[in-house]
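Asks: Provide a 3D model corresponding to the input given below.
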Amino acid sequence: MTEEKKNQTEENSNGIPQDLIDRINELAYKKKESGLTEEEQAEQKRLRETYLSMFRENFRSHIEMLQVYDKDGKEVTPEKVKRIQRERGLRDD
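Replies: The predicted structure follows:
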C-alpha cells in the first residue's frame, strides 16, 4: 500500500478520515495565502459540513455510551441518556 493510499484510509481519534482533514486544512491555508475560487469555496463548505456531521455523530455516540457516577458511587447518568441506552439495548434496568 502506498503512503498516499495509507493516509487516505487512516482516521484520527474522532473517527474522521485523515484525508478529509488534510483537504480542509489545505483549503484553509490556500484561502489565507491567495484566496479560493468559487469551486474551492463550495468544496470547503461541503467538506466542513461533512466534518461537522461526522464529528457530531461520533461525539453523540461517545456520550450515549457513558455512565456517570457521583463521588459516593451512585449512578447519576441523566435520564435522557439512560432512555437512549435502553432503546439501543445497552442497559438492563
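
Asks: What ranges does the chain have for its strands?
Replies: For the chain, strands defined by DSSP state E do not occur.

Asks: tell me the residue furthest from the middle of it?
Replies: residue 72 (32.7 Å; Cα atoms, centre = their mean).

Asks: Tell me who's in contact with that one.
Replies: For residue 72, the contact set (Cβ atoms under 8 Å, 6 or more residues apart in numbering) is empty. In short, each C-beta sits where N, CA and C put it, glycine included.

Asks: now it: how far from residue 91?
Replies: According to Cβ to Cβ, to the nearest Å, residue 72 and residue 91 sit 21 Å apart.

Asks: What are the buried residues along stretch 50-70?
Replies: Using 16 or more other Cβ atoms under 10 Å as the test for burial, stretch 50-70 gives 51, 54.

Asks: tell me how far it is from the chain's mean position?
Replies: Centroid separation for stretch 50-70 versus its chain: 8 Å, with Cα atoms, centre = their mean, to the nearest Å.

Asks: Keeping just the C-alphas, turn it into CSV.
Replies: In CSV, the C-alpha atoms belonging to stretch 50-70 read as follows (Å, rounded to 0.1, in the frame of the first residue of the first chain):
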residue,chain,number,x,y,z
THR,A,50,-19.2,16.7,6.3
TYR,A,51,-16.6,17.0,9.0
LEU,A,52,-19.1,18.6,11.5
SER,A,53,-21.7,15.9,10.7
MET,A,54,-19.2,13.1,11.4
PHE,A,55,-17.8,14.8,14.5
ARG,A,56,-21.3,15.3,15.9
GLU,A,57,-22.3,11.7,15.2
ASN,A,58,-19.1,10.3,16.8
PHE,A,59,-19.5,12.7,19.8
ARG,A,60,-23.1,11.7,20.3
SER,A,61,-22.2,8.0,20.2
HIS,A,62,-19.5,8.5,22.9
ILE,A,63,-21.9,10.5,25.2
GLU,A,64,-24.6,7.9,24.8
MET,A,65,-22.2,5.1,26.0
LEU,A,66,-21.3,7.0,29.2
GLN,A,67,-22.5,6.2,32.7
VAL,A,68,-21.9,8.9,35.2
TYR,A,69,-21.3,8.3,39.0
ASP,A,70,-21.1,10.7,41.9
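
Asks: hey, where'd the helices end up in the protein?
Replies: For the chain, the helices defined by DSSP state H occupy 3-9, 18-33, 38-64, 79-87.
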